[in-house]
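> let's see this in three dimensions:
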Amino acid sequence: MANQLSLSIDRSSPVPLYHQVVQGIEAAIHSGILEPGSRLDNEIDLAAQLNLSRPTMRKAMDELVRAGLLVRKRGVGTQVVASQVRRPLELSSLYDDLSNNGKKPTTEVLSFSHVEADALTLTALQLPAGSKVYHFTRLRKVGGKPLALMENWVRDDITSMDEAQLSKEGLYAILRRGGVNFRLASQRIGAMIANDYQAPLLEAEVGSALVTMERTAVDDTGRMVETGHHVYRADSYSFEMTLVQR
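Numbering: from 1, shown residues only. All right, here's what the predicted structure looks like:
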């Protein structure tokens with residue numbers, strides 16, 4: 001395995017031995033030499049191949065597991081995790097981000113209704129009492145694997161929409177075609193554990209980690225266009241951001 005990955009250890013380098021292993025395996029994963037689902041030799045064998053101590057090899061593997069690149073499975077061993085969807089933290093849709101990165105997302109509409117907005121939705125979208133909204137829940141998949149469970153409320157005075165549209169394209173594409181020019185959004189990123197409803201839909205274990213996102217988007221006229229609550233599998237999804245000192 002070490003030879004296949006072209007792993008080499010430079011004992012004269014100031015870089016710790018365990019971190020050289022981390023860098024080598026990480027490079028093999030990102031280059032595609034180690035594909036998602038690939039099994040690695042056990043730590044004892046890898047340590048012997050590289051002439052390293054078992055504690056050094058275990059430290060390297062622990063770091064790769066913490067980084068979300070490897071996973072240990074009972075009865076299976078250590079495997080490469082399926083590649084994460086890394087999404088920039090900006091005003092865009094998941095469907096567009098996935099498509100722009102060469103992936104082919106699919107959408108299953110789990111529920112769809114055109115109903116009178118409840119108090120929370122009226123407040124979020126700044127609508128008068130009695131206003132109606134489109135309320136729907138979608139399951140987004142990539143490569144047949146569930147990635148996100150998304151619930152949204154959209155004001156109905158912009159454009160009409162139905163299940164067929166939502167199953168074929170992204171929400172923001174539909175709204176842009178209706179004349180919406182998105183300007184900004186209020187967004188909150190968080191975390192939770194999967195409940196009995198979410199877990200089977202996302203093909204995850206109850207209690208497994210999920211990334212959450214709550215967003216309300218505003219167009220260039222100041223209208224609150226849509227609000228939503230999305231949850232993502234934490235082992236397959238992350239947000240990226242750049243921080244600037246002021």
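> the residue nearest to residue 76 when sequence neighbours are not counted: neighbouring residues, count only.
Closest residue in space to residue 76, ignoring its immediate chain neighbours: residue 39 at 7.2 Å, by Cβ to Cβ, 6 or more residues apart in numbering. No exception for glycine: its C-beta is placed from N, CA and C like everyone else's. If you count neighbours by other Cβ atoms under 10 Å, residue 39 ends up with 13.
> do the same with the one 5 residues further on
Neighbour count of residue 44, defined by other Cβ under 10 Å: 11.
> same question, residue 159
16.
> which helix or strand contains it?
Using DSSP states H and E, residue 159 sits within no helix or strand.
> ok, it - contacts?
174-175, 177-180 (Cβ atoms under 8 Å, 6 or more residues apart in numbering).
> in the protein, which spans are helices?
17-31, 43-50, 54-66, 94-100, 119-125, 163-168, 171-177, 198-202 (DSSP state H).
> got a list of contacts for the shortest one?
Right, helix 198-202. 110, 139, 146-147, 149, 194, 204-208, 210, 231, 233.
> the residue nearest to residue 76 contacts residue 73, doesn't it?
No - between residue 39 and residue 73 there is no contact under Cβ atoms under 8 Å: 9.4 Å.
> now for those two: what residues contact both?
Shared contacts of residue 39 and residue 73, counting by Cβ under 8 Å, 6+ apart, come down to residue 79.
> can you pull out the low-pLDDT segments for this protein?
1-6, 82-103, 238-246 (pLDDT under 70).
> care to break it down by domain?
17-80, 94-233 (automatic domain parsing).
> quick one: the longest one to chain centroid distance?
By that I understand domain 94-233. The chain centroid and the centroid of domain 94-233 are separated by 14 Å under Cα atoms, centre = their mean, to the nearest Å.
> sorry, back to before: minimum distance to residue 227: which of the helices of the chain has it?
helix 119-125 (4.3 Å; Cβ to Cβ).
> about what we covered before: next, give me the two most distant ones among the contacts of helix 198-202.
Every pair of these checked by Cβ to Cβ; the farthest is 110 and 207, at 21.7 Å.
> show me what residue 116 is bridged to.
residue 132 (DSSP bridges).
> my read: it touches residue 132, true?
Yes - with contact defined as Cβ under 8 Å, residue 116 reaches residue 132; the gap is 5.5 Å.
> what separates residue 17 from residue 132, distance-wise?
Separation of residue 17 from residue 132 (Cβ to Cβ, to the nearest Å) stands at 64 Å.
> tell me which of those two has more neighbours.
More neighbours surround residue 17 than the other of residue 17 and residue 132, with 19 against 14 (other Cβ under 10 Å).
> now the more buried one: closest residue in space that isn't a chain neighbour?
residue 56 (5.3 Å).
> residue 27: neighbouring residues, count only.
For residue 27, the number of neighbouring residues by other Cβ under 10 Å comes to 14.
> how about residue 203?
11.
> kindly report the same for residue 206.
Neighbours of residue 206 (other Cβ under 10 Å): 12.
> can you pull the contacts of it?
193-196, 199.
> from residue 221, how far off is it?
Applying Cβ to Cβ to residue 206 and residue 221 gives a distance of 43 Å.
> and the contacts of stretch 221-233?
94, 121, 124-127, 146-155, 158, 171, 175, 180, 182, 192, 194, 198, 202, 204, 208, 210-219.
> buried residues, stretch 163-177. List them.
Neighbour-count burial for stretch 163-177 flags 165-166, 169-172, 174-176 (criterion: 16 or more other Cβ atoms under 10 Å).
> kindly report the same for stretch 68-82.
Applying 16+ other Cβ under 10 Å to stretch 68-82 flags 69-71, 78-82 as buried.
> among these, which are located in strands?
Among the buried residues of stretch 68-82, the members falling in strands (DSSP state E) are 70-71, 78-80.
> that older thread, Throw the domains of the chain into TSV and include distance to residue 10, thanks.
Below are these laid out as TSV (distance: least, Cβ to Cβ, whole Å):
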stretch	distance to residue 10
domain 17-80	7
domain 94-233	35
